[in-house]
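> Here you go, sequence then predicted model.
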Amino acid sequence: MSKASNVSHWIDLVKAGDSEAANQIWQHYFDRLARSVRARLQGQNRAVRDEEDIVVSVFDSFYDAAEKGRFPELSDRDDLWQLLLRMAARKVVDKRRHDLRQRRGGEVMHHPLGQVDDDKQVLEAIGNEPSPEMVLMM
């Protein structure tokens, strides 16, 4: 059986929920897909989520969707490779958006300053007396 027909056979088995076929696809494509994702992540922070995390997520999504019948047209290795690349590209974009959101403060709630209650609390925290450092400087 050629590589192309092996992959086509594995695709059919994955659609039926075969975990051994899923492992074969993983072994066949993981390194290649990780290299592709690594190139797309150039210049991005990879400390929290790197190319391997993204590839694992791609395969999880692929297996789940294949078992649910979401890829009826998927039949050969070329189709599979293009699908995996598209899924990875979308996950890289999602990661980039998430990272940018984190740098802008994400979903942190900001409370406006200048409200009377806030001013009183700030003044109470500061107090009327000079700090020990200020006393020494005087």
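Yep, it's here.

> Spatially nearest residue to S61 (excluding sequence neighbours)?
Leaving aside its sequence neighbours, S61 sits nearest to M87 (Cβ to Cβ, 6 or more residues apart in numbering; 6.1 Å). (Each C-beta comes from the backbone N, C-alpha and C, glycine too.)

> no, scratch that, I was asking about A65
Using Cβ to Cβ, 6+ apart, the nearest residue to A65 is F71, at 6.4 Å.

> Report the secondary structure state of that neighbour.
coil (DSSP: H, G, I helix; E, B strand; the rest coil).

> residues contacting it?
The contact partners of F71, by Cβ atoms under 8 Å, 6 or more residues apart in numbering, come to K15, A65, L83.

> One more: F62?
L83, L84, M87.

> ok, how many other residues are close to the last one?
In this case it means M87. Per other Cβ atoms under 10 Å, the neighbour tally for M87 reads 19.

> That one touches V55, doesn't it?
No. Assessed by Cβ atoms under 8 Å, M87 is found out of contact with V55, at 9.7 Å.

> Leaving out chain neighbours, which residue sits closest to K15?
Among residues not flanking K15 along the chain, A66 sits closest, at 5.0 Å (Cβ to Cβ, 6+ apart).

> Helix or strand: which one has that neighbour?
Using DSSP states H and E, A66 sits in helix 51-67.

> Next: R32.
Using DSSP H and E, R32 maps to helix 19-40.

> quick one: that helix to helix 51-67, angle?
On the basis of axes from the mean of the first three to the mean of the last three Cα atoms, to 10 degrees, helix 19-40 is oriented at 140 degrees to helix 51-67.
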